[in-house]
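> 3D model of this:
(chains A, B, C and D, ligands or ions: 6)
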Amino acid sequence: MITITGIKMDNPTILAAGVMGTTGSSMVRIAENGAGAVVTKSIGIYPKEGHPNPTMIELGSGGFLNAMGLPNPSYKNFISEIDKVHNKTETPVIASIFAGTPEDFVDVAMGLEPARPSAFELNVSCPHAEGYGSLIGCDPLAVEKVTEAVCDTVNVPVWVKLTPNVTDIVSIGKAAENAGADAVVAINTVKGMAIDINSGYPILGNRFGGLSGQPIKPIAVKCVYDLYSSLEIPVIGAGGISCWQDAVEIMMAGASGVQIGSAVFERIDVFNSIASGIDQFIEENSYSGIEDIIGIAHEMK
Amino acid sequence: MITITGIKMDNPTILAAGVMGTTGSSMVRIAENGAGAVVTKSIGIYPKEGHPNPTMIELGSGGFLNAMGLPNPSYKNFISEIDKVHNKTETPVIASIFAGTPEDFVDVAMGLEPARPSAFELNVSCPHAEGYGSLIGCDPLAVEKVTEAVCDTVNVPVWVKLTPNVTDIVSIGKAAENAGADAVVAINTVKGMAIDINSGYPILGNRFGGLSGQPIKPIAVKCVYDLYSSLEIPVIGAGGISCWQDAVEIMMAGASGVQIGSAVFERIDVFNSIASGIDQFIEENSYSGIEDIIGIAHEMK
Amino acid sequence: MQPINARIIDIKDETPSIRTLFFDVTLENALPGQFVMVWIRGVDEIPMALSYTNAITVQKVGDATSQLFELEIGDSVGIRGPFGNGFSIPKKRDGILIIAGGVGAAPLAPLAEFAVKKGAEVTTILGARTCSELLFKKRFSAEGDIHITTDDGSAHRCGFVTDVLEELNTGCFDMIYTCGPEIMMSCIFDLLESKGCLENAEFSMHRYFKCAIGVCGACCMDDQGWRVCRDGPVFGGMQLTGSELGKYKRDSCGRIVKL
Amino acid sequence: MQPINARIIDIKDETPSIRTLFFDVTLENALPGQFVMVWIRGVDEIPMALSYTNAITVQKVGDATSQLFELEIGDSVGIRGPFGNGFSIPKKRDGILIIAGGVGAAPLAPLAEFAVKKGAEVTTILGARTCSELLFKKRFSAEGDIHITTDDGSAHRCGFVTDVLEELNTGCFDMIYTCGPEIMMSCIFDLLESKGCLENAEFSMHRYFKCAIGVCGACCMDDQGWRVCRDGPVFGGMQLTGSELGKYKRDSCGRIVKL
Ligand SMILES: Cc1cc2nc3c(=O)[nH]c(=O)nc-3n(C[C@H](O)[C@H](O)[C@H](O)COP(=O)(O)OP(=O)(O)OC[C@H]3O[C@@H](n4cnc5c(N)ncnc54)[C@H](O)[C@@H]3O)c2cc1C
Ligand SMILES: Cc1cc2nc3c(=O)[nH]c(=O)nc-3n(C[C@H](O)[C@H](O)[C@H](O)COP(=O)(O)OP(=O)(O)OC[C@H]3O[C@@H](n4cnc5c(N)ncnc54)[C@H](O)[C@@H]3O)c2cc1C
Ligand SMILES: Cc1cc2nc3c(=O)[nH]c(=O)nc-3n(C[C@H](O)[C@H](O)[C@H](O)COP(=O)(O)O)c2cc1C
Ligand SMILES: Cc1cc2nc3c(=O)[nH]c(=O)nc-3n(C[C@H](O)[C@H](O)[C@H](O)COP(=O)(O)O)c2cc1C
Ligand code: FES
Ligand code: FES
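Ligands and ions are numbered 1, 2, ... in the order given. Below you'll find the model as predicted:
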């Protein structure tokens, strides 16, 4: 049992936003496969189809490119999906939300409050959604405004999800912290692109997208490490975590919890196996608990 | 035979800076293994030992982390190394240089002029060298000043090597272009880190470093694509190119030539095999030449 | 995997609204019931069953499928796959029943052929709106008994595949496989449930696919959260008990759409 | 590969300045002559030959090696490897000559043992500064004839390994292997060149290693650009003809340093 921003979780594995999080029943399934908490697909004001297919491809060697384009049924249609998770499990649900302005962020958050999410995760970091996402997430001032607006409105913890596609992720993290965020999540996908050499066409319907999976783990570890150095609030790690060793590594860099996205491609019970791997590691290495390893890399000099 | 910024090369493959480029004889060897041109290790004013070991590790699945720390013998001691390449091959040598100020950049460039490099490549993008590298490369104004200073001094083309670790690589590329650069090279390594979970120690002597190899190819393709959209000068691609398909892909994104670094790990004659693979692709697909595929992805809509 | 290039080497008009595109690539190891994502460059990428190891059979219903109808021999598409699980393989001497409705015959024809090769005995119920739309009649006929129904009675029996199914002694089949319009599969589901045959039945489902590799969650079905692209598209009858089958699906936004 | 954790399970003092560290990991498939990068966390990472499949034998010469001498049983280091090419494997009934100087005996002792296991006959010339610094005398003696020299004459013959080599009929050896101070190897090189035996000779070289995987170029030798870490550390005599051997090497900046 661990606690992150006051939310009690069976273990530090968390389903990452946008993966298997569009329906209540798939989130229930992930919870049953061991996730300590689940983050929903990012939800907005209006129903949104997202980008045309191809929206996601596997690149081989554990990497993926996606440009879903934030498809979502709108917060109105999503309340019942969250309700379902509450009805069937005890697992905390974190509602990921996105919008183009602080006001719209507030509307979505308020709209989802009836579903009693355990926290809100502000997606200001999607690298391929025109007008949303990293347009905000690259600008400390914009992040501050959005975060402040939501923090002022809701009574649950607010997590802010950061993009690595910036010169200085720490300044963005600090902006979130100063505005009242309870945690930051790092990282969202890394801007990337693939071209079909047979035709010359960019493969993704949106032409470019975000890189996820194993290739980005070293990038995520570095971001988490830097954020942990400079922030007071917890950092939650994400990016290429696919086995318990990866989870331990990013926790040693400073992550209080680990989000897992692309790795469900390999196995949907990756949560169970990572959670028990971490436990075993803690025990075999005579640490007294998970807290012992969080940020430990900073002490090794 | 192709020409990039006036430099005639047998083929578009170019040895990337910092890989097998510390001695004349190893550059000769790379030339003999088919490289159309070679870029030297980045050279500075004073001899520099670089960071303590470990300086480079293989991550598996084609990825590498390095933090060499720009070890180099200083330009004075490097002239003879470039001379050797001229004596033994016809292959163009591009001198990669780094420094902390425009004045020092100029000193290094002038110091290396006796070695008659075919071009200078300004390394303003090393993610793990205190005070050099990306400290400059993240700031359009600093890039402009350095580029201008060198362009005003030397009589050969100037290439500017860009870092992907910025919010907007295009603005940096434009700064270089405006200051007179003849080409940009994208990308240098992506900031990254790995931690040894047995001990909690960051593995690299410098704690963090730069990610190279296959994992960063989609990032490089996207950077090249964006730069090609906005710049008039040629873009030279680098980042995870390890087979002819990769080379064709990044050329379709807009690269006039391809730099190859980490892939020498697999085979040192990767240059030969990529060059002939490109030729065969051009022929089998009835393109009239390499120029036909450069940037072709931009037309596919 | 990234899409591989598939050049069209032959085109066969199967019915007025359905044609088969043959490719220069063969997915040797594809199982009957697996699908590919077909990328019409610059347009869309859509799921299509493999109707042969080197072909898809397309019904023109909207934008992407219409674009597929514009393609000519020599043109190319991108192909990712084979994806999904496929039907379970019939055993030697098994008696199996195939129920195909409309373009749902596409994954079932190779199953019929595969089953007979394995030594199973195949009976088919093939249905379509109208006579000219009966897909793969010859292929099914060549593999065993066939019962044909048309909604408008323009050929053989007028009515639905379920009419035939109702009359058959389903108990004598080791496996029952079906693919077709959801409303048809839903009726079959109810019927087989009432006959207590769900355990031997498999349904090939359609849902809106985005990633097609089991990550994004777009295709998930209630109530178990099955991913149609990955855990399916073929589901055993028991897996679908209490599911959304026949009741609703989700559109590309993830919104519930009543059937 | 990332470093694996190697815990010290035993420590053996071999000479006043040399000790062997035994690990709880065994690199079963390592060939004699291959090396590992030994990471003393927080300090440095340095190349070390494998003197056993689970051990390194370290001479204290500077910072990192001194730190290795501080380690105790139960302490750990990180290990990457085995790297490099290793010596070529002697064949059955081959007569081979091993010439070891100082800590250069480390990769050669396992070679002697391996060679005898393969059915080869081993003669060793073992040299050291002084009697107490003779490394692995017992291991070599157990595998065949041994000639011992000490620079100061404190044991056996006073002089250098080359004195013995000069007297031996090198023509009767199928292979000659050597590792030791570069000045020694350089003398051996010249001698074997004059005797026309370079084709049968192998030299295990030392250069400053950074990446150790053949990418950075720090360890390259003139004139062929051989990477000592990857194309070596073992080179055939012919490969070294016209090379920098015995003349100069490069420091960690890449500067030429005369020997
Ligand atoms: C596993 C599977 C196998 C299929 N096999 C075949 C086949 O062999 N032959 C055949 O003709 N059709 C098959 N389909 C259906 C086919 O994918 C749709 O007819 C096609 O996507 C329609 O695209 P459109 O742009 O022409 O039509 P649209 O006008 O875009 O849509 C018409 C309907 O097609 C469906 N559709 C559209 N896009 C998708 C998508 N990305 N994923 C799933 N459904 C979509 C939706 O239900 C939509 O309402 C299969 C579907 C699935 C899921
Ligand atoms: C392939 C190979 C196998 C070796 N095997 C052994 C062995 O079995 N036993 C043994 O005692 N020694 C061995 N060495 C030498 C050993 O690596 C050095 O003695 C050690 O690195 C010295 O480190 P230091 O910090 O103690 O000394 P320092 O004071 O740092 O340096 C002393 C000298 O050691 C060398 N050195 C330092 N760092 C490195 C480095 N990263 N790579 C290469 N040389 C370096 C330099 O020549 C330097 O002048 C081997 C070297 C190589 C290249
Ligand atoms: C298919 C897909 C959809 C995603 N959608 C969202 C999203 O809606 N909101 C969000 O904040 N992040 C989204 N992400 C990013 C992930 O939550 C995660 O930050 C990223 O993928 C890195 O983790 P991973 O390597 O474990 O996948 C998505 C990722 C993928 C692969
Ligand atoms: C060991 C190593 C050393 C490098 N040193 C330099 C350097 O000195 N100057 C520079 O501009 N880039 C340097 N780079 C970056 C490469 O030139 C190249 O931009 C990057 O590695 C991406 O290409 P790759 O994936 O083909 O290796 C180095 C890369 C590696 C792996
Ligand atoms: S379409 Fe993405 S999980 Fe099925
Ligand atoms: S040490 Fe890097 S190439 Fe040998």
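> correct me, but C:A6 touches C:G78?
Yes: with contacts counted by CB atoms under 8 Å, C:A6 reaches C:G78, the gap being 7.1 Å. The way it works is simple: take the backbone N, C-alpha and C, and place the C-beta from them, glycine included.
> doesn't C:K249 fall inside a strand?
Yes: counting by DSSP: H, G, I helix; E, B strand; the rest coil, C:K249 is part of a strand.
> what's the spacing between it and D:V228?
From C:K249 across to D:V228, the span is 64 Å (CB to CB, to the nearest Å).
> what do you get for A:D152?
Per CB to CB, A:D152 is found 63 Å from D:V228.
> Surely C:G84 and C:M37 touch.
No: taking contacts as CB under 8 Å, C:G84 lies outside contact range of C:M37: 10.3 Å.
> out of everything not next to it in sequence, what's closest to C:I256?
Counting by CB to CB, 6 or more residues apart in numbering or on different chains, C:I256 lies nearest to C:Y248, which is 5.0 Å off, once chain neighbours are set aside.
> which strand residues sit across from the one you found in the sheet?
Beta-bridge pairing of C:Y248 under DSSP bridges involves C:K258.
> what's the pLDDT at it?
Predicted confidence (pLDDT) for C:Y248: 97.
> One more: A:S134?
So, for A:S134, pLDDT stands at 62.
> more neighbours, A:D152 and D:V228?
D:V228 (25 against 12; other CB atoms under 10 Å in any protein chain shown).
> Wait, the more buried one touches D:F203, no?
No: D:V228 is beyond contact range of D:F203, at 10.5 Å (criterion: CB under 8 Å).
> how close does A:G295 get to B:G277?
Using CB to CB, A:G295 is found at 46 Å from B:G277.
> neighbour count winner among the two?
Comparing A:G295 with B:G277 by other CB under 10 Å, the one with more neighbours is A:G295, at 20 against 17.
> The more buried one against A:D226, yeah?
No: A:G295 lies out of contact with A:D226 (CB under 8 Å); the separation is 11.8 Å.
> And the next helix or strand past the lowest-mean-pLDDT helix or strand in chain C?
The helix or strand of chain C with the poorest confidence is strand C:157-158; it has a mean of 85 (mean pLDDT, DSSP states H and E). Next in sequence after strand C:157-158, counting helices and strands by DSSP states H and E, comes helix C:161-167.
> which strands and helices sit next to that following helix?
When contacts are defined as 3 or more CB pairs under 8 Å, 6 or more residues apart in numbering or on different chains; DSSP states H and E, helix C:161-167 sits against strand C:95-101, strand C:121-128, strand C:144-150, helix C:182-195.
> rerun at 10 Å
The helices and strands touching helix C:161-167, judged by 3 or more CB pairs under 10 Å, 6 or more residues apart in numbering or on different chains; DSSP states H and E, are strand C:95-101, strand C:121-128, strand C:144-150, strand C:175-179, helix C:182-195.
> Which one, of the ones you listed, ends up nearest to ligand 4?
The closest of the helices and strands packed on helix C:161-167 to ligand 4 is strand C:175-179. By CB to the nearest ligand atom, the value is 46.0 Å.
> Do that closest one and ligand 1 come into contact?
No: Strand C:175-179 stays clear of ligand 1 (CB under 6 Å from any ligand atom), getting no nearer than 8.3 Å.
> got the angle between that strand and strand C:95-101?
For strand C:175-179 against strand C:95-101, the angle by axes from the mean of the first three to the mean of the last three CA atoms, to 10 degrees is 10 degrees.
> And strand C:175-179, what's buried?
By neighbour count on 16 or more other CB atoms under 10 Å in any protein chain shown, the buried set for strand C:175-179 is C:175-179.
> One more: stretch A:110-129?
By 16+ other CB under 10 Å, the buried positions in stretch A:110-129 come out as A:111-113, A:115, A:117-129.
> now swap in stretch A:152-169 and tell me
Using 16+ other CB under 10 Å as the test for burial, stretch A:152-169 gives A:153-154, A:156-167, A:169.
> Next one: the helix or strand in which C:E113 is found, is it in contact with ligand 1?
Secondary structure assignment for C:E113, by DSSP H and E: helix C:105-117. Yes: counting by CB under 6 Å from any ligand atom, ligand 1 has neighbours in helix C:105-117: C:A106.
> and the angle for that helix with strand C:175-179?
160 degrees.
> could you pull out the strands for the stretch 101-250 of chain A?
A:119-123, A:158-162, A:183-186, A:190-192, A:209-213, A:235-238 (DSSP state E, counting those that start in this stretch).
> Return the list of strands paired to the third one, each annotated with direction.
To tie it back to what came earlier, the one meant is strand A:183-186. Strand A:183-186 has the following sheet partners, assigned by DSSP bridges: strand A:158-162 (parallel), strand A:235-238 (parallel).
> Now do the contacts for residue 108.
Picking chain A for this. Each residue near A:V108 by CB atoms under 10 Å, 6 or more residues apart in numbering or on different chains is listed here: A:42-45, A:72, A:74-76, A:78, A:95-99, A:120, A:122, A:150.
> oops, chain C please
Residues in contact with C:L108 (CB under 10 Å, 6+ apart) are C:32-33, C:49, C:51, C:87, C:98-101, C:115, C:122, C:124, C:126, C:135-136, C:139-140, C:177-180, C:204.
> try C:F235
C:85, C:201-205, C:221, C:224, C:226, C:228, C:243, C:245.
> could these go into CSV alongside distance to chain B and secondary structure?
Output for the contacts of C:F235, formatted as CSV (distance: CB to the nearest CB, whole Å; DSSP: H, G, I helix; E, B strand; the rest coil):
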residue, distance to chain B, secondary structure
C:N85, 27, coil
C:A201, 42, strand
C:E202, 37, strand
C:F203, 38, strand
C:S204, 34, strand
C:M205, 32, coil
C:M221, 32, strand
C:Q224, 33, coil
C:W226, 30, strand
C:V228, 28, coil
C:S243, 37, coil
C:L245, 38, coil
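> picking that back up, got any residues that touch both of D:V228 and D:F203?
Residues touching both D:V228 and D:F203 (CB under 10 Å, 6+ apart) are D:234-235.
> what's the longest strand in chain C?
Longest strand in chain C by number of residues, with DSSP state E as the criterion: strand C:4-15.
> And that strand, what does it pack against?
If you count contacts as 3+ CB pairs under 10 Å, 6+ apart, strand C:4-15 packs onto strand C:18-23, strand C:35-40, strand C:55-59, helix C:63-70, strand C:76-83.
> what number of residues lie near residue 35?
In the absence of a named chain, this looks at chain A. Count around A:A35 with other CB under 10 Å applied: 31.
> oops, chain C please
29.
> Next: C:M48.
24.
> tell me the SS of it?
For C:M48, the assignment made with three-state DSSP gives strand.
> Let me see the ranges of the helices in the stretch 101-250 of chain A.
A:102-112, A:134-137, A:140-153, A:169-178, A:217-230, A:244-253 (DSSP state H, counting those that start in this stretch).
> Export these to TSV and append columns for distance to ligand 2.
Shown next, in TSV, are those (distance: least, CB to the nearest ligand atom, whole Å):
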stretch	distance to ligand 2
helix A:102-112	53
helix A:134-137	41
helix A:140-153	42
helix A:169-178	33
helix A:217-230	23
helix A:244-253	25
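> between those, which has the poorest average model confidence?
Among the helices of the stretch 101-250 of chain A, helix A:134-137 scores lowest, with a mean of 80.
> From the rest of the structure, what touches that helix?
The contact list for helix A:134-137 (CB under 10 Å, 6+ apart) reads A:98-102, A:105, A:122-129, A:142-143, A:145-147, A:160-166, A:169, A:172, A:175-176, A:188-189, A:191, A:210, B:167.
> Just checking it against ligand 3, any contact.
No: shown here: helix A:134-137 not in contact with ligand 3 (CB under 6 Å from any ligand atom), separated by at least 9.8 Å.
> got the CA positions of that helix in PDB?
Extracted as PDB, the C-alpha positions of helix A:134-137 are listed here (Å, rounded to 0.1, in the frame of the first residue of the first chain):
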ATOM      1  CA  SER A 134       1.900  20.900 -25.800                       C
ATOM      2  CA  LEU A 135       0.900  24.300 -27.100                       C
ATOM      3  CA  ILE A 136       0.100  25.000 -23.500                       C
ATOM      4  CA  GLY A 137       2.600  22.600 -22.000                       C
END
